[in-house]
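> requesting a structural model of the entry that follows:
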Amino acid sequence: MMNMQEIRSVAKDFGIKTGRMSKVQLIQTIQLNEGNFNCFASAVDGECDQSQCKWREDCFAAAKKLHS
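Numbers count the residues shown, from 1 in each chain. Predicted coordinates:
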């Protein structure tokens, strides 16, 4: 799992201004900049077909927390 400092570092590599974005918003913005779906934290049932996603582990935890 990545902490916010690591996520902000990835965002800066894409030229994204992190400002006051939440972790979910920030990762979704990074996903779009990577050319991927901005689906972070949407795996409500713990299912996802994006097996190579670098956010996968964080995604399941965030989805469970947001949708419980």
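
> residue boundaries of the helices in this structure?
Ranges of helices within the chain are 4-13, 23-33, 56-66, based on DSSP state H.

> ok, of these, where does mean pLDDT dip lowest?
Comparing mean pLDDT over those, the weakest stretch is helix 56-66, at a mean of 92.

> now do it: distance to the chain's middle.
9 Å (C-alpha atoms, centre = their mean, to the nearest Å).

> orientation of it relative to helix 4-13 in degrees?
Helix 56-66 runs at 120 degrees relative to helix 4-13, counting by axes from the mean of the first three to the mean of the last three C-alpha atoms, to 10 degrees.

> in helix 56-66, what's buried?
Asp58, Cys59, Phe60, Ala62, Ala63 (16 or more other C-beta atoms under 10 Å). Yep, even glycine has a C-beta here, placed from its N, CA and C like the rest.

> from Met1, how far off is the second one?
Going back to what we said before, that points to Cys59. As judged by C-beta to C-beta, to the nearest Å, Cys59 and Met1 stand 10 Å apart.

> can you redo the helices of the chain as TSV with distance to Asp45?
Formatted as TSV, these follow (distance: least, C-beta to C-beta, whole Å):
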stretch	distance to Asp45
helix 4-13	24
helix 23-33	18
helix 56-66	9
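
> closest to Ala43 out of those?
Nearest of the helices of the chain to Ala43, taken as C-beta to C-beta: helix 56-66 at 4.6 Å.

> hmm, back to that, out of the helices of the chain, which comes closest to Val44?
Nearest to Val44, of all those, is helix 56-66, at 5.6 Å by C-beta to C-beta.
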